[in-house]
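**Student:** I would like the atomic coordinates for the input below:
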Amino acid sequence: MTTAKQVDADSRATIKGIICNILEIDPDEMTDTSRFKEDHAADSMGAIEILSQLERAFGIDIDQAELARMVNLEGVATVVGEAMTAKASQ
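**Tutor:** Next up is the predicted model:
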């Protein structure tokens, strides 16, 4: 069984920066568990934009089905870590 790579602090900061930029919120307003849709008024287009920018920033592929798990910073970091692990094992 492959263990998902934990994203490091720099990668996590990059992820948070991308999300905050797209959602147009101050980084201080976002916690690991604050929900994008409910707490930050994100819409589905914002979610697609986040996915797209994460793919470019990290050189990974993320299936759109993963959007269901990408509801907060913790979820996004997990999905990105898994995608990085998958890419490394190719």
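
**Student:** what about N21, neighbour count?
**Tutor:** Residues lying near N21 (other Cβ atoms under 10 Å) number 13. Bear in mind the C-beta positions are built from the backbone N, C-alpha and C, glycine included.

**Student:** Tell me the spacing between it and R56.
**Tutor:** Separation of N21 from R56 (Cβ to Cβ, to the nearest Å): 13 Å.

**Student:** Can you tell me the centre-most residue of this structure?
**Tutor:** V76 (3.1 Å; Cα atoms, centre = their mean).

**Student:** helix or strand for the residue nearest to Q6 when sequence neighbours are not counted, which one?
**Tutor:** Excluding the flanking residues, the one nearest Q6 by Cβ to Cβ, 6 or more residues apart in numbering is G81, at 5.6 Å. Assigned by DSSP states H and E, G81 belongs to helix 73-88.

**Student:** Which strands or helices does that helix pack on?
**Tutor:** Other helices and strands packing on helix 73-88, by 3 or more Cβ pairs under 8 Å, 6 or more residues apart in numbering; DSSP states H and E, are helix 9-23, helix 44-58.

**Student:** Pipe the ones you listed into a markdown table and attach mean pLDDT per row.
**Tutor:** Output for these, formatted as a markdown table (pLDDT from 0 to 100):
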| stretch | mean pLDDT |
| --- | --- |
| helix 9-23 | 97 |
| helix 44-58 | 96 |
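
**Student:** Redo those as JSON lines? Include distance to S34.
**Tutor:** As requested, the helices and strands packed on helix 73-88 are exported to JSON lines (distance: least, Cβ to Cβ, whole Å):
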{"stretch": "helix 9-23", "distance to S34": "10"}
{"stretch": "helix 44-58", "distance to S34": "14"}
